[in-house]
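Enquirer: Sequence first, predicted model second:
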Protein chains: 2
Amino acid sequence: MRSIQLQVRPGTAAFSKGQERVLKILQSAQDLMISGGYHNLTLRKVAAGAGISVGNLNYYYSNKQDLLRDLLDTVIAAYIAEFDNVRQDAGVSLEDQFIAIVRFIIDDLGTQATTNFFPELWALANHDEHAAERMDALYTKARLVLNDLIASLNPALSDQSREQVALFISASMEGLTPFVGYQKPWANDRDAISNIAAISFLNLVRSISDDAIQSGKLTLQA
Amino acid sequence: MRSIQLQVRPGTAAFSKGQERVLKILQSAQDLMISGGYHNLTLRKVAAGAGISVGNLNYYYSNKQDLLRDLLDTVIAAYIAEFDNVRQDAGVSLEDQFIAIVRFIIDDLGTQATTNFFPELWALANHDEHAAERMDALYTKARLVLNDLIASLNPALSDQSREQVALFISASMEGLTPFVGYQKPWANDRDAISNIAAISFLNLVRSISDDAIQSGKLTLQA
DNA sequence: AATAAAATAGGACTAGCGTCCTATTTTATG
DNA sequence: CATAAAATAGGACGCTAGTCCTATTTTATT
């Protein structure tokens, strides 16, 4: 029943009881994924968390794979929606906008949800085609805003170079998750690391060139 | 029977049949982890992969958790051993040594084993204390060599700042795994990304200061 | 060669899993 | 209010998981 939700929203006339149920089911599944990882997510636990029976859960999702897909779609859609917000409440200068986004993302990966959900997603994407596809869609969207700002900050960069730089910056930030994330060893250093990231990325965007990326030669600043 | 292996090696007089068995078991477990993830790793598959019965597997590892721990210990020990090698066959200048390490690590995460194993490790570390502890030991070791080079390249940096910079660089590279890893969407751009990383990290190490990290202020280079 | 220890296979056991079916209750609709 | 549709609970099914036990074979030691 994947077609049920995401179309009609609560408060609408057409909103039936099943719509709420799906939200509760997905919330329960997400909670389990975050608290115990995918290998701890069972349909019986999802049903219990949503306050319904296994038989009823089966009425909404006839198999586990459908539920997993809907879960990934929902969670990822929420993150994508967040990016749209960040883009709006941006500061004045291009630099400020760029820094704001870097800080927003690194702050966000300090939440328990992000810290625990994304490694599961990365692991799933290694063995599940749909997970890989959704993950790609998420990060493609995340890089869009970076790409725009990089283009403005360094107009000389080719499309290819710009996208590679955006990928590097995005991936670098994601990589911080298992280290400065929620209750991780370096969680207390998150702000300092955020500063380092902001400084490093802005320097990179400003000074990088197509030639440097292609040749790999280091342009000394002496 | 965790105390069996890692002490006596093949070829030794005291090497018994069980020593080989443990190696085969761990190899089988590692293969399964890489090809299907942890949620696909079952004791029956491990036994089949090692060419033994489930009962016999149980003789070596009386429960699954012990096997998982031994697997993590073994794989991580192998990666730690690799770092020692990298440090030796280094180039001449400090810059060259630094760049060599960056390139080595990013190259390595293009292998199927690294691409698939590490996201599993990160996910496991979120819910398994022992996995978290081993992971910490691995990356602490990985940062040692970075720390040394950063100290030489930027002697003014405080111990704390230096370790934060090393963490940022290490985590940044790890973050590339789900993107430029084996058969990942940007695998073909790995060399270009490697160039960007090398340039960016070296610039960072050269130009960063304690004050910049603490204040978060961006030192413009104009 | 005799004997003790190590290694192995096979099966049994319970628990939990995903899935499916059916009967019943609740809700919406004419 | 009658009726159809949606929602729900409960249980059953087969399968697979991890674990455990026992008998047997292989290996090492004296």
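Expert: Ah, there it is.
Enquirer: Now do the contacts for residue A:75.
Expert: Going by C-beta atoms under 8 Å, 6 or more residues apart in numbering or on different chains, residue A:75 touches A:30, A:117. C-beta coordinates here come from the backbone N, C-alpha and C atoms, glycine included.
Enquirer: in which helix or strand would I find it?
Expert: Using DSSP states H and E, residue A:75 falls within helix A:64-88.
Enquirer: Tell me if that helix is near DNA strand D.
Expert: No. Judged by C-beta under 7 Å from any atom of the strand, helix A:64-88 makes no contact with DNA strand D; its nearest approach is 12.0 Å.
Enquirer: Stretch A:27-40: which residues count as buried?
Expert: Within stretch A:27-40, the residues scored as buried using 16 or more other C-beta atoms under 10 Å in any protein chain shown are A:28-34, A:36-39.
Enquirer: could you point out which element follows the helix holding residue A:75?
Expert: For helix A:64-88, the following helix or strand on the C-terminal side (DSSP H and E) is helix A:94-108.
Enquirer: Give the other helices and strands that that next one contacts.
Expert: helix A:64-88, helix A:129-153, helix A:159-175, helix A:190-207 (3 or more C-beta pairs under 8 Å, 6 or more residues apart in numbering or on different chains; DSSP states H and E).
Enquirer: Now tell me what touches it from outside.
Expert: For helix A:94-108, contacts defined as C-beta under 8 Å, 6+ apart pick out A:82, A:86-87, A:90-91, A:114, A:142, A:145-146, A:149, A:152-153, A:169, A:173, A:176, A:180, A:190, A:193-194, A:197-198, A:201-202, A:205, B:218.
Enquirer: Reformat the helices and strands packed on helix A:94-108 as TSV; add mean pLDDT.
Expert: Shown next, in TSV, are the helices and strands packed on helix A:94-108 (pLDDT from 0 to 100):
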stretch	mean pLDDT
helix A:64-88	91
helix A:129-153	96
helix A:159-175	98
helix A:190-207	98
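Enquirer: Export those as JSON lines, with columns for distance to DNA strand C.
Expert: Shown next, in JSON lines, are these (distance: least, C-beta to the nearest atom of the strand, whole Å):
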{"stretch": "helix A:64-88", "distance to DNA strand C": "4"}
{"stretch": "helix A:129-153", "distance to DNA strand C": "14"}
{"stretch": "helix A:159-175", "distance to DNA strand C": "28"}
{"stretch": "helix A:190-207", "distance to DNA strand C": "34"}
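Enquirer: Compare those and report which one is nearest to residue B:126.
Expert: helix A:159-175 (14.8 Å; C-beta to C-beta).
Enquirer: other SSEs contacting that closest one?
Expert: If you count contacts as 3+ C-beta pairs under 8 Å, 6+ apart, helix A:159-175 packs onto helix A:94-108, helix A:129-153, helix A:190-207, helix A:210-215, helix B:159-175, helix B:177-180, helix B:190-207.
Enquirer: and the longest one with chain B, contact?
Expert: If I follow you right, that is helix A:129-153. Yes. Judged by C-beta under 8 Å from any C-beta of the partner chain, helix A:129-153 and chain B are in contact via A:135-136, A:139.
Enquirer: Show me what that helix is packed up against.
Expert: On a contact count with 3+ C-beta pairs under 8 Å, 6+ apart, helix A:129-153 meets helix A:64-88, helix A:94-108, helix A:112-125, helix A:159-175, helix A:190-207.
Enquirer: Which residue would be the closest one in chain A to chain B?
Expert: Nearest residue of chain A to chain B, counting by C-beta to the nearest C-beta: residue A:175, 1.9 Å away.
Enquirer: Let me see the contact set for that residue.
Expert: B:171-177.
Enquirer: same question, residue A:127
Expert: By C-beta under 8 Å, 6+ apart, the contact list for residue A:127 reads B:36-37, B:40.
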